[in-house]
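[1] sequence first, then the predicted structure:
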Number of protein chains: 2
Amino acid sequence: MNVQFTDKIECIFKHTLALIKENGFHGTPMSMIAKNSDVAIGTIYHYFPSKENLILELFSYCRKKINAFIFDDLSEDLSYQEQFAIVLERFCKFQINNTDIFSFLEQFHNSPFNDLAHDRQKVGGCDENNVITFLLKGMETNNLRKIDVHVMASAYIGAAVTFSKSVIYKKIKYDKKHLDELIEIIWNGVKQ
Amino acid sequence: MNVQFTDKIECIFKHTLALIKENGFHGTPMSMIAKNSDVAIGTIYHYFPSKENLILELFSYCRKKINAFIFDDLSEDLSYQEQFAIVLERFCKFQINNTDIFSFLEQFHNSPFNDLAHDRQKVGGCDENNVITFLLKGMETNNLRKIDVHVMASAYIGAAVTFSKSVIYKKIKYDKKHLDELIEIIWNGVKQ
DNA sequence: ATCTGTAAATTGAACGTTCATTCGGTTGCA
DNA sequence: TGCAACCGAATGAACGTTCAATTTACAGAT
């Protein structure tokens, strides 16, 4: 269950995400995951020793996805301010286009499961280290004010998470104008 | 189960919050709530028709608490900027000093229960209307920039929620310096 | 003060359902 | 021939909910 996920396992992951978004952890029995994924219960237990383990592996899977989406191919040629905007935009875009993953991660963070995933720190579902490193780089290059980096990360990621939720719950329309407004608020707050 | 909560019901609420913070919704059986609250299971069912109803009433109870804490006695004599800072500070202070309520509200918002509480809108656990009204007042009095109020609310509340979590998870020490940094980031971002 | 009737509060054993997990058997492939 | 993938009925524990029985609270009558 490590490096490569087979199609079957990805299928189980996909359906588990959809079910958990709809019914929550406790409202999603293994039998239902099996039925929706078109496999037998025994097959799931062939790959995962328990439901808890399935959830933990799924968490790891989601985390890799979001981190890759946000930080892969982040062009170093762009100005820091442009990168700052792109990271925020990608964060929101990912959450809004992958509501089942977003919902799962939010549920996970606020559940006792979270204590079991002590391998890495995290903010708003994505690796804390990546964000912190990115913000520290901005401070070193005199693009960002030199304040506590965790405080800055709270404002940066917290705003993006809540913005995404507002879009998902239809309180905000997801368009360039609103996104630019959000980015401007945060950028004005943290720029050097 | 409407206006006034008896001591017994508050006792049940308190222990339910503590258990849910520790074990989550599904990890908290009614039998455990009864035992910790020193009442029989039947007594709980005398006051609440079901576990779901207990959760919903508890949610309403928590919401009243946090809203009263944040918006009661908010002096109109102070400048808008000072009120802006106080609301943010009270929000964080409440969450940090009531981690069981905070944890419960976060779990609630990201669970299927949330769909059942359609009575009012909410952001980060507190009534959305109060926050929106407060921010709109700031725009009318030319203290805040005139941008989409929901986008601004995302930045305002989202930053506070994530900041509080960072404090609770010991990534940030809760002191005046860090709080002032957070307030300054947001204020710089939204001030006129 | 004492008694009495009644409704509300409280109790917890028992019930029925749901669900995670097991395991003995089958299939497919190297 | 052997091993991994796959199957799903059976198991047993956990849990939400019920309800008949008991206690408490108290208003009105004596």
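    Arrived safely. Keep in mind the model is a prediction, meaning the values are calculated, not measured. Numbers count the residues shown, from 1 in each chain, chains lettered A, B, ... in the order given.

[2] C-alpha only now, for contacts and for neighbours.
    Will do.

[3] how near is the residue nearest the centre of chain A to A:Ile66?
    Note on chain A: the residue nearest the mean C-alpha position is A:Gly125, at 3.7 Å, using C-alpha atoms, centre = their mean. Separation of A:Gly125 from A:Ile66 (C-alpha to C-alpha, to the nearest Å): 8 Å.

[4] now do A:Ile86
    Distance from A:Ile86 to A:Ile66, by C-alpha to C-alpha: 14 Å.

[5] neighbour count for those two, which is higher?
    Each of A:Ile86 and A:Ile66 has its neighbours counted (other C-alpha atoms under 10 Å in any protein chain shown); A:Ile66 has more, 21 against 18.

[6] I figured the more buried one hits A:Cys126, correct?
    Yes - taking C-alpha atoms under 8 Å as the definition, A:Ile66 is a contact partner of A:Cys126 at 6.4 Å.

[7] who touches the residue lying closest to the residue nearest to the centre of chain A once chain neighbours are set aside in this structure?
    Distances taken as C-alpha to C-alpha, 6 or more residues apart in numbering or on different chains place A:Leu105 nearest to A:Gly125, at 5.9 Å, with adjacent residues excluded. A:Leu105 is in contact with A:Phe59, A:Cys62, A:Gly125, counting by C-alpha atoms under 8 Å, 6 or more residues apart in numbering or on different chains.

[8] what does A:Ser154 give?
    Counted by C-alpha under 8 Å, 6+ apart, A:Ser154 has contacts A:Val123, B:Ala159, B:Ala160, B:Thr162, B:Phe163, B:Ser166.

[9] repeat that for 10 Å
    Listed by C-alpha atoms under 10 Å, 6 or more residues apart in numbering or on different chains, the contact partners of A:Ser154 are A:123-124, A:160, B:158-166, B:172, B:182.

[10] for A:Asn142, same thing?
    With C-alpha under 10 Å, 6+ apart, A:Asn142 has these contacts: A:Tyr80, A:Leu136, A:Lys191, A:Gln192.

[11] show me what residue of chain A gets nearest to DNA strand D.
    A:Gly42 (2.9 Å; C-alpha to the nearest atom of the strand).

[12] still on that earlier bit, ok, so of the contacts of A:Asn142, who is nearest chain B?
    A:Lys191 (9.2 Å; C-alpha to the nearest C-alpha).

[13] hmm, B:Ile186 and that closest one touching each other?
    No - taking contacts as C-alpha atoms under 10 Å, A:Lys191 lies outside contact range of B:Ile186: 11.8 Å.

[14] out of these two, which sits in the more crowded spot?
    B:Ile186 (27 against 17).

[15] can you check the pLDDT for that one?
    We have a pLDDT of 98 for B:Ile186.

[16] and A:Val3, by the same measure?
    Predicted confidence (pLDDT) for A:Val3: 40.

[17] for A:Leu74, give me its contacts.
    A:Gln83, A:Ile86, A:Val87.

[18] show me what the helix or strand the first one falls within is packed up against.
    If I follow you right, that is A:Gln83. Using DSSP states H and E, A:Gln83 sits in helix A:80-97. Helix A:80-97 sits against helix A:51-71, helix A:99-109, helix A:128-140, helix A:149-168, helix A:176-190, with contacts defined as 3 or more C-alpha pairs under 10 Å, 6 or more residues apart in numbering or on different chains; DSSP states H and E.
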